[in-house]
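Asks: Okay, structure incoming, though there's no sequence with it:
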């Protein structure tokens, strides 16, 4: 049943003439995931989105963490309705969007499997039209859940970039490797962020160990890269408790400088994006990709 729906939805998207005739910047979709909870994935997602937006990019951040959606806590905002309400016809896309800063919008989400379990094609068509309000996004950060469930794999398949976050803890490293091994069955390009490290040297050392094991057991075709590290700092945990972004509160801190370095690497990847059909951009573009990988 769901498979038939996905096929119909894919056809609907492909034949959406008004949308396909428009041109816009292609949104770069970046999925941030982790092997286990508690490694700072959502903290990094929110601060990275904020930093990218402060550089002048139009950024959306989509909360796709099933059961543990917490970006509203990170940004200290209240969420009344999410994307499921839109698909059910109980709200418009504009109703659920929460502006965080001038160039940053929070999109309250739900689990990947739930958001595709809609039955009304007319509602979905309306949703796709409404979602065009986000077609000008340069970047969409997708904050997935921890682990590698089926719904998470859908987002990892749909993303342009997948970033795995871990910390220099044996259990976390083991879980991160297991996650990488599973993602490698879906794609061969994976980035990593080493969080809560003491130095660049420690980050490189931990990454080298993971990469060495991956090269032996997964294969040399895997393009595993360290996109950056974030130093351990009490200012970060303090800001999380206070529902503040450490990049906004402590702009001169080392963790903020680390986030800027990661943001700069992501920005350099944006140069590969060109003018494309608008059904490859924004929220509607994300749903199109999800349908194709369903």
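Replies: That came through, no problem. This one's a predicted model, so the numbers in the text were calculated from it and none came from an experiment.
Asks: Would you agree residue 166 is in contact with residue 39?
Replies: Yes - at 5.6 Å, residue 166 and residue 39 qualify as touching, with contact defined as Cβ atoms under 8 Å. Where C-beta positions appear, they are placed from N, C-alpha and C, glycine not excepted.
Asks: the helices in this protein, which residues?
Replies: In the chain, the segments counted as helices under DSSP state H are 2-14, 17-20, 41-54, 71-74, 83-87, 93-96, 121-130, 150-158, 170-183, 200-217, 234-241, 246-249, 254-270, 282-292.
Asks: got the angle for the third one vs helix 254-270?
Replies: Helix 41-54 runs at 60 degrees relative to helix 254-270, counting by axes from the mean of the first three to the mean of the last three Cα atoms, to 10 degrees.
Asks: Tell me where the model's unsure across the stretch 101-250 of the chain.
Replies: 110-124, 151 (pLDDT under 70).
Asks: more neighbours, residue 166 and residue 39?
Replies: residue 166 (29 against 23; other Cβ atoms under 10 Å).
Asks: if you skip the residues just before and after it, what's nearest to that one?
Replies: Nearest residue to residue 166 in three dimensions, chain neighbours excluded: residue 176, at 3.7 Å (Cβ to Cβ, 6 or more residues apart in numbering).
Asks: go on, residue 226?
Replies: Nearest to residue 226 is residue 207, by Cβ to Cβ, 6+ apart, at 4.4 Å.
Asks: Please tell me how far that neighbour sits from residue 229.
Replies: 8 Å (Cβ to Cβ, to the nearest Å).
Asks: same deal with residue 217?
Replies: 24 Å.
Asks: Between these two, which has more neighbouring residues?
Replies: residue 229 (25 against 11).
Asks: what residues are up against the more buried one?
Replies: Residues near residue 229 by Cβ atoms under 8 Å, 6 or more residues apart in numbering: 193-195, 197, 200, 203, 258.
Asks: Quick check: of these, which lies closest to residue 287?
Replies: Nearest to residue 287 among those: residue 193, at 26.5 Å, using Cβ to Cβ.
Asks: picking that back up, what do residue 166 and residue 39 both touch?
Replies: 172, 195.
Asks: Please state the backbone phi and psi of the closest residue to residue 81 other than its chain neighbours?
Replies: Spatial nearest neighbour of residue 81, chain neighbours left out: residue 91 (4.7 Å); criterion: Cβ to Cβ, 6+ apart. With angles defined as degrees, to the nearest 10, residue 91 sits at phi -160, psi 160.
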